[in-house]
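Student: Predicted model and sequence follow; I will ask about them next.
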Amino acid sequence: MTARTNQRVDGARLWCSLMEMAAVGATPKGGVRRLALSDLDRQGRDLFRTWCEDAGLTVRIDAIGNMFARREGRDPTRRPILFGSHLDSQPSGGKFDGALGVLAGLELMRSLNDLGITTEAPLELVNWTDEEGSRFGHSLMGSGVWSGVFDLNKVRGLSDLDGVTVAQALAETGIEGPKRPEAFPADAFFELHIEQGPILEQEGKTIGIVTGAQAQIWYDAVVLGQDAHAGTTPPAARRDALVATARVIELVDRLMRSCGEDGRGTVGQLSVVPNSRNVIPGEVRFSVEFRHFDEHEVERLDEEFSREAAAIADFYGVSLSLHRLFRIPAQRFDPECVALVRQVAARLGLPARDIISGAVHDAVYVSRRVPTAMIFTPCKGGLSHNEAESILPEEAETGCQVLFEAVVARASATRPEADPPLAGRSSDDPSP
Ligand SMILES: [Zn+2]
């Protein structure tokens, strides 16, 4: 049930906070570099914490650095409504990826203060640690540990390119908190995020109602042929690993396109050995990934790719080994939470559409423990993970208003609360 509020969030205040946060780690090209568990991350967190405490919220931090800023409700026995995102960024990231969801959550809290509203259920605004994975090579770190997908000790042992471990970075920056990071009973989790793709903008929609996230499969591939002299080796004698790899890359693209608009297939990383201009390459290592919202399609892609890639290797007289790194199942968000976002967007008269998330987000892991939904807003040209990432102030405000109304409706609704058992860890998850 949607609460019929006519209360508005303050879009100008939200925009000011976004710009102030973007100044922490600002890059010359207008982006942000706020790597997880770095000194700049700590500065961003300190600023966020000050804002939260000024808004009367109680902040607690767990041992992986996840921050929870709580506003009490009228009924202390109610499970809290969670919402938020992440404040860390890519090395050359934008101002809004993650920050929008956290600071819109802060604006929600500030607006409730201004309006003198006390919700029935308590509210908790979350800043998840290291969503991006760009420093320690493991994305969704904080939400993954909290949800029980990753083991805390394993994650603490991961190191960056300078050999600094997560444990050291947590201690040295003072980001580490005392609480054990683990899922606690919560009524719902809502994450507002920029789309990071072009669909909403192209269709003139202001809100994406995210119904779930794509299934994915990732491989490491190695093609072994034979290094040989470029001048003396005739065609019949060649076992060129790079030519075979080129055909495999073509295959990835062809299989992706066989799924119409809904498939994704990418080779984004490639290394050639010995990488010398007058040597026929004997070894190529590369990455392959496929994504689709339908798990059966990912299964089909996996099967066809493995079979056809093996045939290509045969044809070129090389060996191919495919190591499946992990497979993430498709994640459907909670139908009730999704329906609430849809209702709110309709009531506000916003052009909206259902959408599947092409990227993974903290919400994907949190949804294994807590009923979850996401709200997308457009970003210019669909561009993200880029310093030029940009959105309009009114787009941020609209997304924040939808978040506000969904959270307030959920926190005001009277609902019987049984505590369902938490779901267990699934075996097909990537481990750090
Ligand atoms: Zn993000």
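Tutor: Received, thanks. Note that the structure is predicted; figures quoted are calculated from it, not measured.
Student: Just list the residues touching S147, thanks.
Tutor: Contacts here follow C-beta atoms under 8 Å, 6 or more residues apart in numbering; on that basis S147 touches 183, 365-366, 368-369. Glycine gets a C-beta too; all of them are placed from N, C-alpha and C.
Student: Nearest to N386 among these?
Tutor: N386 has its nearest neighbour among the contacts of S147 in Y365, at 24.7 Å by C-beta to C-beta.
Student: Against the ion, how distant is the closest one?
Tutor: To the ion, Y365 is 13 Å away according to C-beta to the ion, to the nearest Å.
Student: so which strand or helix has that residue?
Tutor: With elements taken from DSSP states H and E, the one containing Y365 is helix 362-366.
Student: got it, and L161?
Tutor: Per DSSP H and E, L161 falls between elements, in no helix or strand.
Student: Check the burial of it by counting its neighbours.
Tutor: The local packing of L161 (other C-beta atoms under 10 Å) involves 8 other residues.
Student: That one: what's it in contact with?
Tutor: Applying C-beta under 8 Å, 6+ apart, we find L161 in contact with no residue.
Student: quick revisit: what two of the contacts of S147 are the furthest from one another?
Tutor: A183 and Y365 (9.6 Å).
Student: quick one, which of these two is more surrounded?
Tutor: Taking other C-beta under 10 Å, A183 and Y365 do not tie; Y365 has more neighbours (26 against 17).
Student: which residues does G56 contact?
Tutor: By C-beta under 8 Å, 6+ apart, G56 lies in contact with 71, 113.
Student: On the three-state scheme, it is what?
Tutor: Of the three states, G56 takes coil under DSSP: H, G, I helix; E, B strand; the rest coil.
Student: That one and the ion: what is the separation?
Tutor: For G56, the distance to the ion - C-beta to the ion - is 27 Å.
Student: now the contacts of S147 in a markdown table, with pLDDT and distance to L403?
Tutor: Shown next, in a markdown table, are those (pLDDT from 0 to 100; distance: C-beta to C-beta, whole Å):
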| residue | pLDDT | distance to L403 |
| --- | --- | --- |
| A183 | 97 | 21 |
| Y365 | 95 | 19 |
| V366 | 97 | 15 |
| R368 | 95 | 21 |
| R369 | 97 | 20 |
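Student: out of the residues you listed, who's nearest R247?
Tutor: R247 lies nearest to Y365 out of these, by C-beta to C-beta, at 36.2 Å.
Student: okay, how far is it across stretch 16-35, tip to tip?
Tutor: Taking C-alpha to C-alpha, to the nearest Å, the first and last residues of stretch 16-35 lie 22 Å apart.
Student: What's the mean pLDDT across it?
Tutor: Computed over stretch 16-35, the mean pLDDT rounds to 97.
Student: Stretch 117-126 too?
Tutor: Rounded mean pLDDT across stretch 117-126 is 97.
Student: With only the CA atoms kept, save it in CSV.
Tutor: Only the C-alpha atoms of stretch 117-126 are listed here, as CSV (Å, rounded to 0.1, in the frame of the first residue of the first chain):
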residue,chain,number,x,y,z
ILE,A,117,7.5,12.3,10.4
THR,A,118,8.2,9.3,12.6
THR,A,119,7.7,6.1,10.7
GLU,A,120,6.4,2.9,12.4
ALA,A,121,9.4,0.8,11.6
PRO,A,122,13.0,2.0,12.1
LEU,A,123,15.0,3.0,9.1
GLU,A,124,18.7,2.2,8.3
LEU,A,125,20.7,3.9,5.6
VAL,A,126,23.6,1.7,4.4
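Student: and it, which residues are buried?
Tutor: For stretch 117-126, a neighbour-count test (16 or more other C-beta atoms under 10 Å) marks 119-126 as buried.
Student: right, and out of the contacts of S147, which lies closest to D294?
Tutor: In terms of C-beta to C-beta, no member of the contacts of S147 lies closer to D294 than R368, at 19.5 Å.
Student: thinking that closest one is in contact with F150, fair?
Tutor: No. Using C-beta atoms under 8 Å, R368 is not in contact with F150; the gap is 11.9 Å.
Student: These two - which one has more neighbours?
Tutor: Under the criterion of other C-beta under 10 Å, the comparison of R368 against F150 puts F150 first, with 25 against 20.
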